[in-house]
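*Asks:* starting from these lines, generate the structure:
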Amino acid sequence: MFPGKPLKTGAFYNCRKLSHLLWKDIRRVGKEAFSGCASLKPEGADSLEWVGELAFAGMEGMETAYAADRHDGGAKEDGTADRDGREGTAGIESQGPGETAERTEVQDARETQETADGAECQDKESQDGEKQDREPRYGTSGLGIVGSIVVSGAGCQGEVYVPEGITAIAPYAFSANRRITGLVLPETLRSIGEGAFWGCSGLAHVRFPAAPCAVGSCAFEKCTGIRSVHLRTHSLGASAFAWCLSLERAEITGLSLLEKRLFEGCENLKECVCGQVSAVGDSCFRGCSTLENFDFQTITEIGSYAFQDCDNLREIGLHDHTLVRPHGFQDCGRLARLVLTGEEGGLELGEYAFSGCTALRQVVRRGRLWELGEYRDILSESLPEPVRLIFHSALSCFQVEKEEILLGYSGLGRILNIPRGIRRIIPLRDVSGCSGYMEPNMCGLSEPERSPGAAAWRRWSWRKA
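*Replies:* Okay, the predicted model is just below:
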């Protein structure tokens, strides 16, 4: 049926009486193509390479298809093999209402032999069970598999083992399943669909295949229990690990671009190792407030808000002509030192690229250290233009009059450092956007400490924290 052509979105949607389909040469199945086809059995679909979201939703018996056809060779719970594919005792025909159920010697002998065979099967099963007790328990029950693609994991719980031979996991196959706690993926796996494990908050650890595996957008978003990720891939979609609140370390190899919002909201992420990545997408690490280690040496482009609120970044090194798009490092409250490598020592800065980095006081350019003393120094002609622009960007969140009167603060950062040289602070006029606190050892205040404005601002700031 339809050889070589993809089935479009909703092709057989809600065809409840459809029971059989010739799958030959069907390689792609669109979104909800067979959704609601309760009677359809996905047998012989080995040619499938890709399925869309909810393509097989609502198919009865789908979750046991793999276990019956591949996993245990059609074995039943009582240990007897169903050789003719029907339920009941194999090889014994049912009697009609007018027949007499007489037992002959041949039937008795056959029954005795079958009983012996059943006992032998049970002994073997018992031995296998003892062996399995000594091994890690990973279940395949609850998996819905069509061909070589997992299309549903809604019935899974605990530790889940996806068996070898599986090449893809369909979009949203396990989404919002909070009962799975661990996941082992096969070496044959080549792609994980969009949102495949979205919202699996109980998932604590994942073993990815050693071979490259493409991961779709939002695939593990809001998997709040995952602590570490080690993945080799050539494609990693936007928000793939966003809001994984327990994630502490990520190691990604094989990529040149980190997509937008990839680790957004991972507030416990401390280290990210990404090999030869050259570009970081918009909001990629936004809100990763504990991020300490990230190698910028290969980076040539940083997207908007890519590192916003990364408060634990204290020193970064960037190459000549690295493009930092608007708000790229906004509100990195503890960023104190920037090292520019290369002969020219300049950056391409978007608007407010370092706005809110109020602790930034040192820039190293061409091997020479430049320090910002007082606020008025950002206008000094002694500073090289690239350095002056960086300091100006960092302090652009302040509204200052006459280089010594602080009128307000327009940032949203958690940490605020008052520039040195400020003599007066106007009380609380435009600071309603600030959600953070001051670090007294970095404020650099002397005379303003005696002003009512400074005291009021400080009390307000600590109360908000």
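*Asks:* show me the shaky parts of the stretch 351-465 of the chain.
*Replies:* 427-465 (pLDDT under 70).
*Asks:* which residue ranges of it form helices?
*Replies:* For the stretch 351-465 of the chain, the helices defined by DSSP state H, counting those that start in this stretch cover 385-394, 440-443, 452-464.
*Asks:* just the stretch 151-300 of the chain next, same as before
*Replies:* Going by DSSP H, counting those that start in this stretch, the stretch 151-300 of the chain shows no helices.
*Asks:* for the stretch 1-150 of the chain, which spans come out with low pLDDT?
*Replies:* 1-8, 10-11, 14, 17, 22-25, 32-33, 41-50, 54, 58-141.
*Asks:* one more pass at 50, please.
*Replies:* 1-3, 61, 63-106, 109, 121, 125, 129-139 (pLDDT under 50).
*Asks:* tell me the bridge partners for the closest residue to residue 369 other than its chain neighbours.
*Replies:* Closest residue to residue 369 apart from its sequence neighbours, by Cβ to Cβ, 6 or more residues apart in numbering: residue 362 at 6.2 Å. C-beta coordinates here come from the backbone N, C-alpha and C atoms, glycine included. Beta-bridge partners recorded for residue 362 (DSSP bridges): residue 337, residue 371.
*Asks:* just give me the neighbour total for residue 362.
*Replies:* Neighbour count for residue 362, taken as other Cβ atoms under 10 Å: 16.
*Asks:* OK, contacts around it?
*Replies:* 336, 337, 338, 369, 370, 371, 372 (Cβ atoms under 8 Å, 6 or more residues apart in numbering).
*Asks:* buried subset of the residues you listed as a PyMOL selection?
*Replies:* Buried members of these, defined by 16 or more other Cβ atoms under 10 Å, are picked up in PyMOL with:
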select buried, resi 336+337+338+370+372
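*Asks:* now, which of the contacts of residue 362 sits nearest residue 391?
*Replies:* Using Cβ to Cβ, residue 372 comes nearest to residue 391 of those, at 5.1 Å.
*Asks:* out of the contacts of residue 362, who's nearest residue 409?
*Replies:* Distances from residue 409 to the contacts of residue 362, taken by Cβ to Cβ, are shortest for residue 372, at 17.6 Å.
*Asks:* the closest one contacts residue 357, correct?
*Replies:* No - applying Cβ atoms under 8 Å as the test, residue 372 and residue 357 come out as separate, 11.4 Å apart.
*Asks:* ok, residue 196 to residue 168 distance?
*Replies:* Counting by Cβ to Cβ, to the nearest Å, the gap from residue 196 to residue 168 is 9 Å.
*Asks:* cool, and residue 311?
*Replies:* From residue 311 to residue 168 the distance is 39 Å (Cβ to Cβ).
*Asks:* next one: residue 332
*Replies:* 39 Å.
*Asks:* number of residues surrounding the closest residue to residue 142 other than its chain neighbours?
*Replies:* In space, and not counting its chain neighbours, residue 142 is closest to residue 155: 3.1 Å by Cβ to Cβ, 6+ apart. Using other Cβ under 10 Å, the number of residues around residue 155 comes to 14.
*Asks:* how close does residue 155 get to residue 55?
*Replies:* From residue 155 to residue 55 the distance is 17 Å (Cβ to Cβ).
*Asks:* residue 359 too?
*Replies:* Taking Cβ to Cβ, one finds residue 359 at 52 Å from residue 55.
*Asks:* these two: who's more crowded?
*Replies:* Taking other Cβ under 10 Å, residue 359 and residue 55 do not tie; residue 55 has more neighbours (28 against 20).
*Asks:* isn't that one up against residue 30?
*Replies:* Yes - in this structure, residue 55 is within contact of residue 30 by Cβ under 8 Å, at 6.9 Å.
*Asks:* contacting residues for the residue nearest to residue 386 when sequence neighbours are not counted?
*Replies:* Sequence neighbours aside, residue 346 is the residue nearest to residue 386 in space, at 4.1 Å (criterion: Cβ to Cβ, 6+ apart). Contacts here follow Cβ under 8 Å, 6+ apart; on that basis residue 346 touches 320, 321, 340, 386.
*Asks:* so residue 346 is in which element?
*Replies:* Using DSSP states H and E, residue 346 maps to neither a helix nor a strand.
*Asks:* all strands for the stretch 151-300 of the chain, in order.
*Replies:* 158-161, 168-169, 180-184, 191-192, 205-207, 214-215, 228-232, 249-253, 257-258, 271-273, 279-280, 293-294 (DSSP state E, counting those that start in this stretch).
*Asks:* what's the closest of those strands to residue 9?
*Replies:* strand 168-169 (18.2 Å).
*Asks:* packing partners for the closest one?
*Replies:* strand 149-152, strand 191-192 (3 or more Cβ pairs under 8 Å, 6 or more residues apart in numbering; DSSP states H and E).
*Asks:* so what touches it?
*Replies:* With Cβ under 8 Å, 6+ apart as the criterion, strand 168-169 contacts 49-51, 148-150, 153, 162, 189-193, 196.
*Asks:* nearest to residue 202, of those residues?
*Replies:* Closest to residue 202, out of all of the contacts of strand 168-169 and judged by Cβ to Cβ, is residue 153, at 12.7 Å.
*Asks:* contacting residues for that closest one?
*Replies:* Going by Cβ under 8 Å, 6+ apart, residue 153 touches 142, 143, 144, 160, 169, 173, 174, 177, 180.
*Asks:* between those, which sits nearest residue 211?
*Replies:* Distance to residue 211, by Cβ to Cβ, is smallest for residue 169 among the contacts of residue 153, at 14.8 Å.
*Asks:* who's that closest one bridged to?
*Replies:* Bridge pairing for residue 169 - DSSP bridges - gives residue 150, residue 192.
*Asks:* burial measure for it, as a count.
*Replies:* With other Cβ under 10 Å as criterion, residue 169 counts 29.
*Asks:* where does it sit relative to residue 199, distance-wise?
*Replies:* 15 Å.
*Asks:* kindly report the same for residue 378.
*Replies:* Applying Cβ to Cβ to residue 378 and residue 199 gives a distance of 46 Å.
*Asks:* cool, and residue 303?
*Replies:* 26 Å.
*Asks:* which one's more surrounded, these two?
*Replies:* More crowded of residue 303 and residue 199, by other Cβ under 10 Å: residue 303, with 26 against 20.
*Asks:* the more buried one and residue 285 touch, don't they?
*Replies:* No - applying Cβ under 8 Å, one finds residue 303 not in contact with residue 285, separated by 10.0 Å.
*Asks:* okay, the helices and strands packed on strand 168-169 in TSV with mean neighbour count and distance to residue 351 next?
*Replies:* Shown next, in TSV, are the helices and strands packed on strand 168-169 (neighbours: other Cβ atoms under 10 Å; distance: least, Cβ to Cβ, whole Å):
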stretch	mean neighbour count	distance to residue 351
strand 149-152	27	45
strand 191-192	24	37
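*Asks:* can I get those in CSV with distance to residue 267?
*Replies:* Output for those, formatted as CSV (distance: least, Cβ to Cβ, whole Å):
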stretch, distance to residue 267
strand 149-152, 31
strand 191-192, 24
